[in-house]
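[1] Provide a 3D model corresponding to the input given below.
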Amino acid sequence: MLDSLGRPARLRYLSGSYQVLAPGDFVTCAVTGRRIPLPALRYWSHEFQEAYADAVIATNRYAEMQAQGRI
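    You can find the predicted model right below:
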């Protein structure tokens, strides 16, 4: 099913929402590279402008960035 997704969307991630800059069907998880269909997108970072496939990945990425002193 994920291979049947069309083109990538370009988004601006906001706190609690996002703005579509270029329409598309999916975004790519910044950590895993998995395609995330837009209707399934629930996790992102407005600080880093990244999308995440699930809550565990988002939490781990936040901890990683915190450990690096980036937040």
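[2] contact partners for the closest residue to Arg61 other than its chain neighbours?
    Computed as C-beta to C-beta, 6 or more residues apart in numbering, the closest residue to Arg61 that is not its neighbour in sequence is Val31, at 5.7 Å. Bear in mind the C-beta positions are built from the backbone N, C-alpha and C, glycine included. Neighbour list for Val31: 50, 52-53, 57, 60-61 [criterion: C-beta atoms under 8 Å, 6 or more residues apart in numbering].
[3] where does the residue sitting nearest the centre point of the chain sit relative to Gly69, distance-wise?
    Geometric centre of the chain, nearest residue: Ala51, 0.8 Å, by C-alpha atoms, centre = their mean. Ala51 is 23 Å from Gly69, where distance means C-beta to C-beta, to the nearest Å.
[4] got it, and Leu21?
    Taken as C-beta to C-beta, the span from Leu21 to Gly69 is 29 Å.
[5] neighbour count winner among these two?
    Counted by other C-beta atoms under 10 Å, Leu21 and Gly69 do not tie: Leu21 has more neighbours, with 10 against 6.
[6] hang on, that one in a strand?
    Yes. The assignment for Leu21 (DSSP: H, G, I helix; E, B strand; the rest coil) places it in a strand.
[7] what residue, apart from its backbone neighbours, is nearest it spatially?
    Nearest to Leu21 is Arg10, by C-beta to C-beta, 6+ apart, at 4.4 Å.
[8] that neighbour is in contact with Gly24, isn't it?
    Yes. Arg10 is in contact with Gly24 according to C-beta atoms under 8 Å; the separation is 7.0 Å.
[9] thank you kindly, that will do.
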